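Asker: Need the 3D shape of this:
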Amino acid sequence: MGTRIILTAVLFLMSFGLFAQESGEWRVSKGQQGPAFEVVDQSGNRMTSESLKGKVVLINFFATWCPPCRQELPRLQKEIYDKNKDRSDFEVMVLAREEGWDKLNPFIQSNSYTFPIYPDLNRGVYGLFAENTIPRNVVLDKEGKIIYLSIGFSDKEFDKLIKTIDKELNKK
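Answerer: Residues are numbered from 1 along each chain as shown. Coordinates of the predicted model:
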């Protein structure tokens, strides 16, 4: 009897979407314009979503403590960033959710990452896209529209990410 009541209560609450963000839902969807945002690098240079127009953009949300993120980032470095870093029509933005330069600098150095990493201390950018769960990847087309969304890390999903970026970069 007790289990049935708990299950009924959980199903009731889920029907109203109260657990939606815990299940990894997005605040954005494919096909919509990406939200406006701004990030600042360690030198104080600002990057805005508006300044990225005309480029295919990969936005990756991670944390230094996150095991799946730590699996994903070496592939991002080698298979996406290194391959496309010299393209003027491509940008990678890796945002560290709730982590500052005090954690990022040693992490970047110990892993020899060369892709652009930005702190997102108060989830200012992350919160525009989602509430919980990392890693996440978002790809914007050259007009700033969302063309790809993924949560978590798997080799199969990462391969889809690479194909999406390659296809978009090869459009005429």
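Asker: Apart from its neighbours in sequence, what residue is nearest the residue nearest the centre of the chain?
Answerer: Nearest to the mean C-alpha position of the chain, by C-alpha atoms, centre = their mean, lies Asn60 at 2.9 Å. Nearest residue to Asn60, sequence neighbours excluded (C-beta to C-beta, 6 or more residues apart in numbering): Val94, at 4.6 Å. C-betas here are computed from N, CA, C, even on glycine.
Asker: If I look at the one you found, what pLDDT would I see?
Answerer: pLDDT recorded at Val94 is 98.
Asker: give me phi/psi at it?
Answerer: The phi and psi values for Val94, taken as degrees, to the nearest 10, are phi -110, psi 120.
Asker: and it, how far is that from Ser29?
Answerer: 22 Å (C-beta to C-beta, to the nearest Å).
Asker: do Glu168 as well
Answerer: Counting by C-beta to C-beta, the gap from Glu168 to Ser29 is 17 Å.
Asker: do Arg70 as well
Answerer: 28 Å.
Asker: before we move on, back to that, please list all residues in contact with the residue nearest to the centre of the chain.
Answerer: 72-73, 76, 92-95, 135-138 (C-beta atoms under 8 Å, 6 or more residues apart in numbering).
Asker: for Ala96, same thing?
Answerer: Taking C-beta under 8 Å, 6+ apart as the contact definition, Ala96 lies against 62-64, 103-104, 117-120.
Asker: Who is it paired with across the strands?
Answerer: Note on Ala96: beta-bridge partners by DSSP bridges are Phe62, Pro119.
Asker: doesn't Lys160 fall inside a strand?
Answerer: No: counting by DSSP: H, G, I helix; E, B strand; the rest coil, Lys160 is not found in a strand; it is helix.
Asker: if we can go back for a sec, give the burial count for the residue nearest to Asn60, as a bare number.
Answerer: By other C-beta atoms under 10 Å, 25 other residues sit near Val94.
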